[in-house]
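>>> Prediction below, plus the sequence it came from.
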Amino acid sequence: MSIWWILWWGVVATLAVLSLIVLANLIAYPRLRPASDQPASVSVLIPARNEARVIGDTVARLLASSRAIREVLVLDDGSTDGTADLARAAAAGDPRLRVIAGAPLPSGWLGKNWACHQLAESAQGAYLLFTDADVSWQPGAIDGLIALRDRLGADLLSVWPTQQTASWAERLIIPLITFADWAYLPVLAVHHVTRPIWAAATLSAAIGQCLFFTRDGYRRCGGHAAVRESIIDDVDLARRAKRLGLRLRLAEADGSITCRMYHNWREVRDGFAKNILAGHGGLLPLLASTVFHGIVFILPYPAAIATALGGLSGGPQAPAWLALGIWSIGLRAVTAWTASQRIHDALWLPVSVLLMTSIMARALFWRYTGGPVWKGRAAPGRG
């Protein structure tokens, strides 16, 4: 069998596995539904550093969204753009808002992790909801979060917000979060596989835009002190939860929680590059992932063209290669549909993979030059 047949069958096998995972997730993935009349038991915890663009709207929406919110704590982490004043103005005197001045960053901590630790130390609610300043909460979402946590019995519930995208950079890159979540992580395995330890760690995920802990669950995880140096603190907290026998659960927001993470190519590139090495577990896994995704999602197109032009022989014909490209685009389209994203952007999947390769290159550049610097602080990715 020629190398081209081996590659073709390898891509077929990969897409078949991904398709089965997507199908299983379509059946099993929990969904957040708005609710009402939950007890006032939630401490909403927002680390904020120079968030003047979004903090006012976020605070106002949160306070208006639910009576289940006992308090909204905003930690002003050395902002120079008036973040604290804008948060107070948005609260319009609502006593549930407290703005905390962040303490100096100790040695051995990353900035956001230190901010979250301080927030947790000040929180008084039965539930701790860590979220970001750019996350928007619709009416009923907080109550729905409590109801879903109760139904799933979660110690840590992480809900994937519906990602809002506008620029081409956002549209081509950010939906890949959903694609990875739905096509690579069978949610039932994330929820229920706890042994062996390596499998439990691999089958773990969370997103810092919505980390909903019981107070006891957060304490038993060791809190952010246990992941003080991690640039992927959300994922590492999820891994710790599973290793310690706690119940980690994931869910989709279905529009009840939304977020616009970035606004242009530079923000997208640097935001993903700062996490990608640590997210893959090091340099060699990242390089292997880059090659793997190039073969699965890009190779079928040049192979189809080369075969049609007679430049490639001893393997599948052009329609067979093209079928693989259509299959992968179809998978990307289904995952976009599940998360209320633009389905037609799936047509650009090969371009998305190429752009992710450039993000990988940015991460490697930072690896050897001491970066990244994020919001004015060094935030070295591990790996």
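Yep, it's here.

>>> would you say L45 is within a strand?
Yes. Assessed with DSSP: H, G, I helix; E, B strand; the rest coil, L45 lies in a strand.

>>> Based on its surroundings, how many neighbours for it?
25 (other Cβ atoms under 10 Å). Yep, even glycine has a C-beta here, placed from its N, CA and C like the rest.

>>> I329 versus that one, what's the distance?
39 Å (Cβ to Cβ, to the nearest Å).

>>> now do A304
13 Å.

>>> In the stretch 251-383 of the chain, where is pLDDT below threshold?
The stretch 251-383 of the chain contains residues with pLDDT under 70 at 371, 373-383.

>>> for it, what spans make up the strands?
Under the criterion DSSP state E, counting those that start in this stretch, the stretch 251-383 of the chain contains strands at 257-259, 373-374, 377-378.

>>> If you count neighbours, what's buried in the helix or strand L7 falls within?
Following DSSP states H and E, the helix or strand that holds L7 is helix 3-28. Using 16 or more other Cβ atoms under 10 Å as the burial criterion, the residues of helix 3-28 that qualify are W4, L7, W8, V11, T14, L15, L18, S19, I21, V22, N25.

>>> Now tabulate those in CSV and tack on pLDDT and distance to T162.
Formatted as CSV, the buried residues of helix 3-28 follow (pLDDT from 0 to 100; distance: Cβ to Cβ, whole Å):
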residue, pLDDT, distance to T162
W4, 93, 40
L7, 96, 36
W8, 96, 36
V11, 97, 30
T14, 98, 27
L15, 98, 26
L18, 98, 22
S19, 98, 23
I21, 97, 21
V22, 97, 18
N25, 97, 16
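
>>> Could you dump these into a markdown table and include distance to A253?
Below are the buried residues of helix 3-28 laid out as a markdown table (distance: Cβ to Cβ, whole Å):
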| residue | distance to A253 |
| --- | --- |
| W4 | 42 |
| L7 | 38 |
| W8 | 38 |
| V11 | 32 |
| T14 | 28 |
| L15 | 27 |
| L18 | 23 |
| S19 | 24 |
| I21 | 20 |
| V22 | 18 |
| N25 | 15 |
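
>>> and the two most separated of those residues?
Of all pairs drawn from the buried residues of helix 3-28, the greatest distance, 31.7 Å, lies between W4 and N25 (Cβ to Cβ).

>>> Pull the contacting residues for the most far-flung residue of the chain relative to its centre.
Outermost residue of the chain with respect to the C-alpha centroid, by Cα atoms, centre = their mean, is G310; its distance is 43.1 Å. With Cβ atoms under 8 Å, 6 or more residues apart in numbering as the criterion, no residue contacts G310.

>>> Same check on S2?
So S2 contacts G314, G315 (Cβ under 8 Å, 6+ apart).

>>> A320 versus that one, what's the distance?
13 Å.

>>> just A169 next, same as before
For A169, the distance to A320 - Cβ to Cβ - is 33 Å.

>>> just A303 next, same as before
According to Cβ to Cβ, A303 stands 9 Å off from A320.

>>> before we move on, what about F297?
16 Å.

>>> same thing with R171?
For R171, the distance to A320 (Cβ to Cβ) stands at 30 Å.

>>> More neighbours: which of these two?
Using other Cβ under 10 Å, the more surrounded residue of R171 and A320 is R171, with 19 against 16.

>>> so what pLDDT did the nearest residue to the more buried one once chain neighbours are set aside get?
Residue nearest to R171 in three dimensions, not counting chain neighbours: T165, with 4.6 Å by Cβ to Cβ, 6 or more residues apart in numbering. At T165, the model reports a pLDDT of 95.

>>> T165: what secondary structure?
Recorded secondary structure, T165: coil (three-state DSSP).

>>> Wait, it touches R260, no?
Yes. Using Cβ atoms under 8 Å, T165 is in contact with R260, at 7.3 Å.

>>> between these two, which one's more packed in?
T165 (20 against 16).

>>> Next, find the distance separating that one from R61.
Counting by Cβ to Cβ - T165 and R61 are separated by 20 Å.

>>> Break down the stretch 51-200 of the chain into its strands, ranges please.
Going by DSSP E, counting those that start in this stretch, the stretch 51-200 of the chain shows strands at 69-76, 97-101, 127-130, 135-137, 156-160, 162-163.

>>> out of those strands, deepest packed?
Of all the strands of the stretch 51-200 of the chain, strand 156-160 has the most neighbours on average by mean count of other Cβ atoms under 10 Å, namely a mean of 27.

>>> model confidence over that strand, on average?
According to the model, strand 156-160 has a mean pLDDT of 97.

>>> Parallel or antiparallel, which strands does it pair with?
strand 211-214 (antiparallel), strand 248-252 (parallel) (DSSP bridges).

>>> Tell me which of the ones you listed lies nearest to G78.
Of these, nearest to G78 by Cβ to Cβ is strand 211-214, at 22.4 Å.

>>> Tell me the buried residues in the helix or strand just after that closest one?
For strand 211-214, the following helix or strand on the C-terminal side (DSSP H and E) is helix 215-221. For helix 215-221, the neighbour count (16+ other Cβ under 10 Å) marks R215, G217, Y218, R220, C221 as buried.
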